[in-house]
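A.B. asks: Let's see this in three dimensions:
(one chain, ligands or ions: 1)
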Amino acid sequence: LRKVSQFTRIAPFRGNIRFLSDSGSLTLASLGLKNEVKTVSGNEKNKLQQGVSTIEVPKSRVNKRVSGNKTGLVKERNPVDIKTAPFAVESFSELGLPPLLVERLEKEGFTVPTDVQAAAVPAVLKNHDVVIQSYTGSGKTLAYLLPILSQVGPLRGELELLNGNGKGNKVDIEAVIVAPSRELGMQIVREVEKLLGPADKKLVQQLVGGANRSRQEEALRKNKPAIVVGTPGRIAEISAAGKLPTHGCRYLVLDEVDQLLAINFREDMQRILDHVGRRPGARGGESNSPLVKRSARQTIMVSATVPFSVIRAARSWGCDPLLVQANKVVPLESVPPSGPVNNSGTPSTASSSSNIQAMPSVQSLPPNLQHYYTITRIQHKIDMLRRCVHALDAKCVIAFMNHTKQLKDAVFKLEARGMKAAELHGDLSKLVRSTILKKFRNGEVRVLLTNELSARGLDLPECDLVVNLGLPTDSVHYAHRAGRTGRLGRKGTVVTICEEPEVFVVKKLQKQLSLSIQACEFSEGNLVITED
Ligand SMILES: Nc1ncnc2c1ncn2[C@@H]1O[C@H](COP(=O)(O)OP(=O)(O)OP(=O)(O)O)[C@@H](O)[C@H]1O
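C.D. replies: Next comes the predicted model:
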């Protein structure tokens, strides 16, 4: 049953992408692109089912031993299970991307678009403003980078080259990408640089906080980048100083849009929204129809969790905006105001509460995750973490705590027991943060103890275990923390270590997210499912 239910959550992603509108279905073809999506054959279904990672735990059985592998190796890759990865169309070229860009993608090992990429690329290429919602680790970054790179910079299409569009002799920045943390900003820069290649990597400039501002301004002046990626504070600062030529900017991307629209970023975001490119309908803007070549900026909003406040904001800024999900595209106007966005484009059933901002749908989470919780006293939490890591034989662990002060102590306790650990939080300098992440990526650090800073967007594909040592404040935070593992078809486990009086919070999260968080214990080097 477990296998079947997991499969049914994956299978729809491999079907045709539906583009829906009030007046009928929009198709890839109606957007000027091919719509040849392969459906899964019986054989492929079998393969898919075999590929799905499952731990079968019949309800009737308790104290079932789940895992007890204790090898001494610190690092072994958490391989991508390509059969369970959410791939839809067969190739990037089917999406109308320029050959140069497709070639570069192939060189970097990207051959098949994920479902959300297959849905988003045509919609963005057709100049629609979009809200892209799909679960963590499903490839949303390339979903917005690819259409931008096919219009901007050296990999752009022939038509753009002929029209003299793209960088050419323009001085204005053509795409501004905003991310809520330095780490995420730098990660996006690396992704763009990878595709541009070493010769053209100066066409992207990072504008993150914590780095030398004058150097960033100097690079802007000297290199005249086509794309800038940064955090709201630094972008707003440089823009206010008049050193960010974005009047003619064509794309504004808000990555982790729900976080960017939070109160703490409000002032900086207002500056960015007002000054980057021309808004449709604003003075000097052209036709409101996205299907005619527009001079106004195109706004692309992205997150795994999209509360209705984002939909409302996107409607007010957008030009016929669309909601793009892994297997469907709908006009934003058709999204009803009564709940968080789920995969059917309708409010989720768990949305009856008025606190819709705090509730993501189950589609925010990768399908390949196993969720557990275990109970212990506060003073034993770190020891429980250590036992959990051993029991699951996890190689790359992210453990979340709610208070920065606790992190150092936790690192000390783990190191004292011979487990390589490091802390990552906002009080550390940018350089220290980068060094720690590097060590974590290359396996020198096994357990990364961190706070909410690392919950959003960070792509550490090898991460095979996420542990909540402090409870997340709500289901949105749970979803983003959990999403650091199980990325793009990989297996992943999420364990919440809580005290007895906190169990009701876990139950609430379970209900809000419509998933099963099983009670467990760690005994004799094994994870043992216990009766709830
Ligand atoms: N088409 C593809 N083929 C293979 N790997 C891909 C493809 N697209 C993306 N990836 C890889 O998948 C991983 C996850 O992608 P990405 O970080 O964009 O996910 P995301 O949906 O933005 O996650 P989050 O919501 O956590 O920010 C990355 O390592 C990325 O390089």
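
A.B. asks: Quick one: end-to-end distance for stretch 99-118.
C.D. replies: Terminal residues of stretch 99-118 are spaced 16 Å apart (CA to CA, to the nearest Å).

A.B. asks: Gln370: what secondary structure?
C.D. replies: strand (DSSP: H, G, I helix; E, B strand; the rest coil).

A.B. asks: Could you list everything it pairs with in the sheet?
C.D. replies: Following DSSP bridges, Gln370 is listed with bridge partners Thr493.

A.B. asks: surely it meets Thr493?
C.D. replies: Yes - Gln370 lies in contact with Thr493 (CB atoms under 8 Å); the separation is 4.9 Å. Just so you know, the C-beta spots here come from the backbone N, C-alpha and C atoms, and that holds for glycine as well.

A.B. asks: Tell me the pLDDT of Ala85.
C.D. replies: Note on Ala85: pLDDT of 57.

A.B. asks: Hmm, I typed the wrong one, I wanted Gly248.
C.D. replies: 89.

A.B. asks: For Cys396, which residues are in contact?
C.D. replies: Cys396 makes contacts with 75, 78, 440, 443, 446, 460, 462-465, as judged by CB atoms under 8 Å, 6 or more residues apart in numbering.

A.B. asks: Could you check how far the residue nearest to it when sequence neighbours are not counted is from the ligand?
C.D. replies: Counting by CB to CB, 6 or more residues apart in numbering, Glu462 is the residue found nearest to Cys396 once chain neighbours are left out, at 4.3 Å. Note on Glu462: its distance to the ligand, by CB to the nearest ligand atom, to the nearest Å, is 10 Å.

A.B. asks: try Leu392
C.D. replies: Per CB to the nearest ligand atom, Leu392 is found 21 Å from the ligand.

A.B. asks: ok, that residue - contacts?
C.D. replies: 67, 464-465, 493, 495, 527.

A.B. asks: next SSE after the longest helix belonging to the chain?
C.D. replies: Of all segments of type helix in the chain, defined using DSSP state H, the longest is helix 182-196. Using DSSP states H and E, the helix or strand that follows helix 182-196 in sequence is strand 204-207.

A.B. asks: name the helices or strands packed onto the next helix or strand after that following strand?
C.D. replies: Counting by DSSP H and E, the next helix or strand C-terminal to strand 204-207 is helix 213-223. The helices and strands touching helix 213-223, judged by 3 or more CB pairs under 8 Å, 6 or more residues apart in numbering; DSSP states H and E, are strand 204-207, helix 232-240.

A.B. asks: ok so, going back, widest-spaced pair of the contacts of Leu392?
C.D. replies: Asp464 and Leu527 (13.2 Å; CB to CB).

A.B. asks: Now do the strands in the stretch 251-400 of the chain.
C.D. replies: 251-255, 298-303, 322-325, 328-331, 369-375, 397-400 (DSSP state E, counting those that start in this stretch).

A.B. asks: and the fourth one, what other elements does it pack with?
C.D. replies: Yep, that's strand 328-331 we're talking about. strand 18-21, helix 115-125, strand 322-325.

A.B. asks: follow-up on the earlier one: of the contacts of Cys396, keep whichever come out buried.
C.D. replies: Among these, those buried by neighbour count (16 or more other CB atoms under 10 Å) are 78, 440, 443, 446, 460, 462-465.

A.B. asks: Correct me if wrong: Arg271 contacts Ala241.
C.D. replies: No - Arg271 is beyond contact range of Ala241, at 11.2 Å (criterion: CB under 8 Å).

A.B. asks: Among the two, which residue is more densely surrounded?
C.D. replies: Arg271 (17 against 10; other CB atoms under 10 Å).

A.B. asks: contacting residues around the residue in the stretch 301-450 of the chain that the ligand sits nearest to?
C.D. replies: Proximity of the stretch 301-450 of the chain to the ligand (CB to the nearest ligand atom) peaks at Ala304, 4.2 Å away. For Ala304, the contacting residues are 133-136, 138, 140, 360, 364-365, 479-480, 483, by CB under 8 Å, 6+ apart.

A.B. asks: Now find how far off-centre stretch 227-239 is within its chain.
C.D. replies: 20 Å (CA atoms, centre = their mean, to the nearest Å).

A.B. asks: for the record, mean pLDDT for that stretch?
C.D. replies: Stretch 227-239 comes out at a mean pLDDT of 97.

A.B. asks: Does the ligand have contacts with it?
C.D. replies: No - judged by CB under 6 Å from any ligand atom, stretch 227-239 makes no contact with the ligand; its nearest approach is 13.5 Å.

A.B. asks: distance between the ends of stretch 203-214?
C.D. replies: 18 Å.

A.B. asks: how about the residues of this structure near the ligand?
C.D. replies: 110, 112-114, 117, 134, 136-142, 304, 457, 459, 461, 483, 487-488.

A.B. asks: which residues of the stretch 51-200 of the chain fall in helices?
C.D. replies: 99-107, 115-125, 140-149, 158-162, 182-196 (DSSP state H, counting those that start in this stretch).

A.B. asks: So which of those is the most surrounded?
C.D. replies: helix 115-125 (a mean of 27; mean count of other CB atoms under 10 Å).

A.B. asks: if we can go back for a sec, hmm, which two among the buried ones among the contacts of Cys396 are most spread apart?
C.D. replies: Gly443 and Leu465 (14.1 Å).

A.B. asks: low pLDDT regions in the protein?
C.D. replies: By pLDDT under 70, the low-scoring segments of the chain are 1-88, 157-171, 279-295, 338-362, 532.

A.B. asks: mind running it again at 50?
C.D. replies: Low-confidence regions of the chain, defined by pLDDT under 50, span residues 1-64, 67-74, 166, 283-293, 340, 342-359.

A.B. asks: Thought Leu252 was touching Gly277, still the case?
C.D. replies: Yes - using CB under 8 Å, Gly277 is in contact with Leu252, at 6.0 Å.

A.B. asks: who touches both of those two?
C.D. replies: 176, 297-298.

A.B. asks: For the residues you listed, which single residue is the most surrounded?
C.D. replies: Counting by other CB under 10 Å, top hit in those: Arg297 with 27 neighbours.

A.B. asks: Find the nearest non-adjacent residue to that one, please.
C.D. replies: Gly277 (2.6 Å).

A.B. asks: partners of Asn468 in the sheet?
C.D. replies: Phe400, Thr496.

A.B. asks: What's the local residue count around it?
C.D. replies: Neighbours of Asn468 using other CB under 10 Å come to 23.

A.B. asks: That one reaches Thr493, doesn't it?
C.D. replies: No - Asn468 lies out of contact with Thr493 (CB under 8 Å); the separation is 11.8 Å.

A.B. asks: Out of the contacts of Cys396, which sit inside helices?
C.D. replies: Phe440.

A.B. asks: Identify, from the contacts of Cys396, the entry nearest to Leu100.
C.D. replies: The closest of the contacts of Cys396 to Leu100 turns out to be Leu460 (CB to CB; 29.8 Å).

A.B. asks: Got the phi and psi for the closest one?
C.D. replies: phi -120, psi 80 (degrees, to the nearest 10).

A.B. asks: Within its local environment, how many residues does the residue nearest to Arg297 see?
C.D. replies: Using other CB under 10 Å as the criterion, the residues surrounding Gly277 number 25.

A.B. asks: do Gly418 as well
C.D. replies: Around Gly418 there are 7 residues (other CB under 10 Å).

A.B. asks: who's in contact with it?
C.D. replies: Shown in contact with Gly418 (CB under 8 Å, 6+ apart): no residues.

A.B. asks: I'd guess it is in a helix, am I close?
C.D. replies: No - secondary structure of Gly418 (three-state DSSP): coil, not part of a helix.

A.B. asks: Thank you kindly, that will do.
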